[in-house]
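1. Attaching a predicted model along with its sequence, questions to come.
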Amino acid sequence: DQQVKQNSPSLSVQEGRISILNCDYTNSMFDYFLWYKKYPAEGPTFLISISSIKDKNEDGRFTVFLNKSAKHLSLHIVPSQPGDSAVYFCAVKSNTGKLIFGQGTTLQVKP
Amino acid sequence: DAGVIQSPRHEVTEMGQEVTLRCKPISGHDYLFWYRQTMMRGLELLIYFNNNVPIDDSGMPEDRFSAKMPNASFSTLKIQPSEPRDSAVYFCASSLIGGFLTNTEAFFGQGTRLTVV
């Protein structure tokens, strides 16, 4: 049973526009939420995170939003660049240190 | 630090053979995770350790899979016997312990691509 779901397997956007990636989770006990980025033939790398006491965290072009009541997480990339093309995974961390990932969304940013 | 090191990078084996994947976590990290990447389930958590002790192995798909962490600098994931459906990329990751509401991002190795024919 998937505790973290990314319902969109892929997303295509034009360079310069906004990319919005979504993630839903089932357990309200998770206390930390993360986004990772993965290029082919490489391991995932950390991108941005947010704790459960916040609803927004911004780092340059990347902003993560957390809606605890809806158990929903999103990543906004503005403006999108071709180099952002990758697979994006959302992840949730429990207070036992368990780190669970979603299925991933493949983002393609077209020049 | 060189980061999380996994070996081998690629492994091709015949069905029924034993396969051992290896991982060296970042020095000082006290959590170690094994994941399997598949199209259907994304990054699937197989097992994780805290201070070399397995905490949760509920993600291990079958008894054919086993993992050990004999010391803080080494872990193995073994599949015996291997089957074609085990073909996937296996990742190891490590992180530091963190308190409540603390970010303890995990650092990943480059993965082992396993092909069972």
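-> Nice, thanks for sending it over.
2. send the alpha carbons of stretch A:61-70 over as PDB?
-> The C-alpha coordinates for stretch A:61-70 follow below in PDB (Å, rounded to 0.1, in the frame of the first residue of the first chain):
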ATOM      1  CA  ARG A  61      13.500  29.000  -8.100                       C
ATOM      2  CA  PHE A  62      12.100  26.200  -5.900                       C
ATOM      3  CA  THR A  63       9.200  26.400  -3.500                       C
ATOM      4  CA  VAL A  64       7.600  23.600  -1.600                       C
ATOM      5  CA  PHE A  65       4.100  24.000  -0.200                       C
ATOM      6  CA  LEU A  66       2.500  21.800   2.400                       C
ATOM      7  CA  ASN A  67      -1.200  21.400   3.100                       C
ATOM      8  CA  LYS A  68      -1.400  19.200   6.200                       C
ATOM      9  CA  SER A  69      -5.200  19.100   6.200                       C
ATOM     10  CA  ALA A  70      -5.300  17.700   2.700                       C
END
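3. Okay, strands next: where are they in chain A?
-> Using DSSP state E, the strands of chain A run over A:4-5, A:10-14, A:19-25, A:32-38, A:45-51, A:56-59, A:62-67, A:72-77, A:86-93, A:99-101, A:105-110.
4. Likewise for chain B?
-> Using DSSP E, strands in chain B cover B:5-7, B:10-13, B:19-24, B:31-38, B:42-50, B:53-56, B:65-71, B:74-79, B:88-95, B:107-108, B:112-116.
5. Now do the contacts for B:Phe33.
-> A:Leu99, B:Leu45, B:Ile47, B:Tyr48, B:Phe49, B:Cys92, B:Ala93, B:Ser94, B:Ser95, B:Ala106 (Cβ atoms under 8 Å, 6 or more residues apart in numbering or on different chains). (Glycine included, C-beta is placed from N, CA and C.)
6. Turn the strands of chain B into TSV, including mean pLDDT.
-> Listed next are the strands of chain B as TSV, based on pLDDT from 0 to 100:
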stretch	mean pLDDT
strand B:5-7	97
strand B:10-13	97
strand B:19-24	98
strand B:31-38	95
strand B:42-50	94
strand B:53-56	95
strand B:65-71	97
strand B:74-79	98
strand B:88-95	96
strand B:107-108	95
strand B:112-116	97
